[in-house]
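Participant: coordinates only, sequence not included:
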């Protein structure tokens with residue numbers, strides 16, 4: 001998004017946060033990314049300069065990433081949801097015993113065949129990125145295998161078959177099911193890491209171009225706030241408070257606060273410009289809520305008040321102030337708001 005004004009969500013890249021292992025809300029396995037938009041310049045419509053070539057390259061890369069995104073968003077979020085459902089009533093170590101008070105089963109997964117089509121299209125698109133292609137295929141393969149395992153377990157519990165075989169099949173399915181979730185988790189982490197890195201590189205280059213143009217000041221300030229919000233989230237992939245890099249986190253939080261205040265100031269002093277942006281107020285509100293939660297984590301570090309010792313009702317860690325799960329939720333809300341924005 002260098003020379004035209006459009007929605008921030010040209011590619012709807014919202015990687016849903018969650019945990020894939022056990023029932024503890026601890027280290028997030030994936031997180032939402034602010035989507036990058038494809039740059040409009042192409043060699044066919046402009047003179048070929050160094051800047052144009054970079055735009056063409058980013059345009060191709062953005063479109064390629066976009067082909068993976070729908071699959072990733074849909075599949076990863078459905079796996080996280082199903083895994084947490086299973087972990088809510090079955091102990092990983094013992095498996096189902098038949099003595100559980102509640103039997104919730106699992107949720108079925110998103111259709112893996114659609115993912116297969118989207119990943120095939122992504123791998124076929126330029127530029128050639130062999131490592132990304134391999135990770136995408138590993139992700140799709142793990143998703144397809146897990147879909148079958150989850151469906152079998154879902155039908156077993158949904159139909160109440162455990163009442164007929166004294167839980168024999170449930171116990172038999174448990175080990176392979178956990179192995180399937182673990183295989184997906186490994187593939188998920190590698191795939192997410194790669195597309196996050198590429199997405200952030202494109203986003204930063206596009207942001208740099210926006211910040212050069214006074215006519216795109218509001219859009220640049222908005223994207224800068226989103227960039228800093230995303231960067232802060234990288235510090236909260238932690239199991240306990242001791243793992244938090246206080247200096248790095250504090251520096252990134254300061255950058256986020258500055259970016260949000262710069263955006264707020266521009267909105268207040270350029271009301272006509274701000275009025276042309278749909279959804280801006282909602283985004284600013286979500287950003288501020290995210291900052292508030294981020295400050296609570298910083299205070300926990302200062303006061304040595306570890307979130308790992310908290311035991312909230314019904315395991316709702318997102319309701320614990322300063323817990324990484326809460327920051328994750330607030331960040332997801334920020335991205336949802338940004339995806340609804342347009343200039």
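Facilitator: Structure's in. What do you need? Being a predicted model, the structure only gives us computed values, none of them experimental.
Participant: would you map the helices across the chain?
Facilitator: Ranges of helices within the chain are 50-87, 112-124, 130-158, 168-212, 217-233, 246-269, 271-275, 280-303, 324-339, based on DSSP state H.
Participant: for residue 311, find the nearest of the ones you listed.
Facilitator: helix 324-339 (13.1 Å; C-beta to C-beta). All C-beta atoms are positioned from the backbone trio N, CA, C, and that covers glycine.
Participant: now that closest one: average pLDDT?
Facilitator: For helix 324-339, mean pLDDT is 90.
Participant: what's the angle between that helix and helix 280-303?
Facilitator: When axes from the mean of the first three to the mean of the last three C-alpha atoms, to 10 degrees is applied, the directions of helix 324-339 and helix 280-303 differ by 160 degrees.
Participant: any idea how far helix 324-339 is from the middle of the chain?
Facilitator: 9 Å (C-alpha atoms, centre = their mean, to the nearest Å).
Participant: ok, now stretch 86-95?
Facilitator: On C-alpha atoms, centre = their mean, the centre of stretch 86-95 falls 25 Å from that of its chain.
Participant: hang on, the earlier thing: format the helices of the chain as a markdown table; extra columns: distance to residue 311 and mean neighbour count.
Facilitator: Output for those, formatted as a markdown table (distance: least, C-beta to C-beta, whole Å; neighbours: other C-beta atoms under 10 Å):
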| stretch | distance to residue 311 | mean neighbour count |
| --- | --- | --- |
| helix 50-87 | 16 | 20 |
| helix 112-124 | 36 | 17 |
| helix 130-158 | 27 | 19 |
| helix 168-212 | 24 | 18 |
| helix 217-233 | 24 | 22 |
| helix 246-269 | 24 | 16 |
| helix 271-275 | 43 | 11 |
| helix 280-303 | 15 | 18 |
| helix 324-339 | 13 | 23 |
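Participant: dump the ones you listed to a markdown table, plus distance to residue 317.
Facilitator: Formatted as a markdown table, the helices of the chain follow (distance: least, C-beta to C-beta, whole Å):
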| stretch | distance to residue 317 |
| --- | --- |
| helix 50-87 | 12 |
| helix 112-124 | 29 |
| helix 130-158 | 24 |
| helix 168-212 | 19 |
| helix 217-233 | 16 |
| helix 246-269 | 18 |
| helix 271-275 | 35 |
| helix 280-303 | 12 |
| helix 324-339 | 4 |
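Participant: for residue 96, which of those is the nearest?
Facilitator: helix 168-212 (4.4 Å).
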